[in-house]
Every structure is written in C-alpha cells, then in structure tokens.
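Peer 1: kindly generate the corresponding structure for this input.
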Amino acid sequence: MNVDLADEEHFVQKNSRCALCRGSKNLCGRERCPVVVKYYQRMESKPLIDSTDISGSSPPGVFVGRYGYPKVNVGPLVPPFHGDTSELDMPELWVGKKIDDIVKNRTQLVRGKYPIRVDRFDGRNRIADITQQMALSKRPAEVEAFFSKKPGGKIQLSDSVQPYGPSGPLKKLDLGTIKFDGRLDKAHFDTDLKATKAVVNLYEKDVYISKIQRAFSVGAFGIEENRKFVPTRWSITAVDDTIGKELREEVKDYRPIDEYRVYETWELDNRWEILMLPRTWMYELVEAWYPETAWNPHGRDIAIISSHERYEGRSDYAEIGGCFYAARLAVAEKLSREKRQAGAVILRETHPGYIMPVGVWNVREHVRDALKKEPKTFDTLKEALFYVSTRLDIKIDTWKKHSEVLRDALYQTRLSDFGVKRKEEKDFKFGEDRHWN
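Peer 2: Model prediction:
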C-alpha cells in the first residue's frame, strides 16, 4: 500500500538531523551520538575475551581511526580464533545475509589501537609497519596481539564503516608469515605512482574494492613523500569516489540507452528501485528513512533526503555522504560494462527492520546486486514510474518532489526534444571514429 498523507510538510521531517548526520557530523552538539549509544545498549556487550593476549587469524582486517587527526589510532582487527576468516572483512560476499548474522560475525573482531601520526613512515614503528603489511596480505594473517589492558566491550557501529567488536590499547604485535597480494604489493612498491592511478589500476585488475580501501587506509599508495595513513571511513569514500569518477567520465563517451529501465532488490528491509533513463549522464540518490530505522529512530514521520549531480558532476560533498559515492560507483560500473550511458535515480526505502547501521558497503553492494539482474524495460517514463509505484510504499508524487532527476526528466524541455542534439551529445564519440546519434 502506498503512503498517502495529504500534508507533505507533515510527511517529511523538516529537521532530519539524524539522517543527515549519521553519527559523523555532531549536528546535535553532543560529544557522542545518542543514536549509536542506544544501539550499544541494545546489543549484548559482554567481553569476547578475558585476557590481554589475543591470538587469531585476521581476515586480514585493519582500522585507522579519525579522532585526534593527524594523531590517530591504528591497528589490526583480530578474532580470538584461527582459520579461514577472510569473509569477516569482505563485504562483497555479504549480500543475502541477515543483519544479525553480519553484526554477529563482525563483532568477533577485536580492534587493537596504537597512537601514531598519520605521516610517520620511517619504518621504525613496528606496530604501524605490521598493520601496513597486513593490509597487503592475500590471505588471513596469523597475529598475536598484546594489550596493555583487556579490550573493552563497546561495539563500533557506523553508517560508513562495517561494525567491529571491543577495542583496547596495543603494546605489542607479532605477525606470522604472510603471502602478499602481488597486485597490491606492486602498487605499494611503485613510489612514483600517484595514489589515484594506483586505485584505478587495481580496480581494473579486478581487486576487490574492500581490499583497495584497506590498503589505501594504511598509506600503501602514492608518491613516497606524500604517503600517510588515512582514517578508514575516509578511505572508503575516497576509493568509491575515485573509481566512480573514472567510470563516469568513461561512460560519457558512449551513446545513451534506448529505453527506460527499472532494476530492483530488497535486502535488510531496504527496498532499492533504480530507474535508468535514455539520456546523458545525471545521477541521484534519494533515501526515505521510516521511523524506528537506524537514522530516524525517534521521528514520527518519514525523513527523506537526497543528493544529485548533473552532467558535469558536483564540486561539493554530497549531503547524503559516503552512500552517494558508493551507489554512483555501482551505477557507473554497470554502464561501463555495457558501454552505454544513462541518467539514473536510485530510490531507497528504509523500513523498520533496518535497526542499526552496518556500513556504506550496504549501499554499494546492494545496488550492484540489483544491477546484475534483468531489468524491467519501458517505452515511456510514465510507464516506468507506474511500475515503481507498485513496488514502493511512498507515492510517486512524493518521490518527484524530492528528486531533481525526475523533475528534470518530467518537466525540463531540452533541445533534443525538438530533434536537435545538445552540444555535449553531438561531440561525443562512440568507439574510435564514429559519432553516435
């Protein structure tokens, strides 16, 4: 059933600070996000170990904090057991899993924290050096971590990064024999290769994005004198943005798709409807957060927020944050494989079953999952929107009011509507020597 409220201003929260902040911007002025604190209390917070010594197989996983930047805490993520733990830090494999299973698996990872300046690469800090080596490992790494006190029971939850378990201050770290991923290792030792180029090259070599993000966070790439540790949440968005921009510029050389398409997937009580339009590049993510969801826990009404970019892109940071760049990468990736371009708007309904944030991977991987499926195709935008209206609870008229892409497609007259191509359309090449029409 579609949501049908006569008063639009009542329907959408005007002051959706939680949906905009997502625990990262301190918009409420409090030192700690009260929403995240609530989730801490809802989760079982017993110590995973009763020792200051943990021995286990890291996926491998590492974490670089952001508080106190440029002096931050770095260190490994280590479970108190051995074996093949690679899936614990590989979100590309989590599509289809339940939220409880994801959180349960991730909270087995204990975080070691060691303070260091982000620009210290003198090789004399053993813990920082081992942390960097782990990020380049091909397989789970055997680690023994010694803490100055028992790791605490606090669980880390964020809209940007995957959950992890208790943490504690490291005093010593030992690493067993590891096998480096040759692709990451080669980029690491090329100290004349810029970080942006390294990221794109590795993506083109089919390295998992999560592995690229992990290595990026420990300063494994870039011109030697410019290398530094990057907070994990920043590295995730930096890699998504870098690859997404590269793919976006590529697809602008291809001709637009010929029909309206709708892709969809429903996971973790999120409904994803992705509408592609036969036009030049334009992209938007619109999210609707129901009451009692992760970033609308106290609201009485649905909170809707959106971010978009036109053909030339955008120069400021997206209001929605990292989710915008994660979803854009997935859309551009799909079009690149097909060698076509399109306008795209992603409509996301987040229902009450999404009770806690699990990281921006949720957006990237579920949009990717939707785009792997066969789409519904339509000859007109009206037909496509009618289909979408049968899949989402919120009425299409409400989505239109919050979507720049939909309003542009519905109401903006273009020269191409009169049979005249715009300059940017006319000048694009399709392949090496043909103009597309």
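
Peer 1: where does pLDDT dip in this protein?
Peer 2: Counting by pLDDT under 70, the ranges of the chain that qualify are 1-49, 121-123, 153-157, 413-437.

Peer 1: and the residue nearest the centre of it, backbone torsions?
Peer 2: Per C-alpha atoms, centre = their mean, the C-alpha nearest to the average position across the chain is that of V360, at 3.2 Å. V360 adopts backbone torsions of phi -70, psi -20, taken as degrees, to the nearest 10.

Peer 1: who's in contact with it?
Peer 2: Contact criterion C-beta atoms under 8 Å, 6 or more residues apart in numbering gives 159-161, 236-237, 240, 322-323, 326 as the residues in contact with V360. Any C-beta I mention is one placed from the backbone N, CA and C, and that applies to glycine too.

Peer 1: repeat for A327
Peer 2: Going by C-beta under 8 Å, 6+ apart, A327 touches 285, 346, 363-364, 367.

Peer 1: surely L392 and E349 touch.
Peer 2: Yes - at 5.5 Å, L392 and E349 qualify as touching, with contact defined as C-beta atoms under 8 Å.

Peer 1: so what sits against both of the two?
Peer 2: Each of R271 lies in contact with both L392 and E349 under the rule C-beta under 8 Å, 6+ apart.

Peer 1: specify the beta-bridge partners of V110.
Peer 2: V78 (DSSP bridges).

Peer 1: pretty sure it sits against L88.
Peer 2: No - using C-beta under 8 Å as the test, V110 is too far from L88 to be in contact (11.6 Å).

Peer 1: which neighbours do the two share?
Peer 2: Both V110 and L88 are in contact with P79, where contact means C-beta under 8 Å, 6+ apart.

Peer 1: in the stretch 151-300 of the chain, which spans are helices?
Peer 2: 182-189, 195-204, 209-217, 232-251 (DSSP state H, counting those that start in this stretch).

Peer 1: distance to E264 and mean neighbour count added to these, as CSV?
Peer 2: Compiled in CSV, the helices of the stretch 151-300 of the chain are given as follows (distance: least, C-beta to C-beta, whole Å; neighbours: other C-beta atoms under 10 Å):
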stretch, distance to E264, mean neighbour count
helix 182-189, 34, 18
helix 195-204, 26, 19
helix 209-217, 22, 25
helix 232-251, 21, 21
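
Peer 1: distance to I304 for those helices - can I get that in JSON lines?
Peer 2: Supplementary listing: these in JSON lines, determined by distance: least, C-beta to C-beta, whole Å:
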{"stretch": "helix 182-189", "distance to I304": "40"}
{"stretch": "helix 195-204", "distance to I304": "32"}
{"stretch": "helix 209-217", "distance to I304": "28"}
{"stretch": "helix 232-251", "distance to I304": "22"}
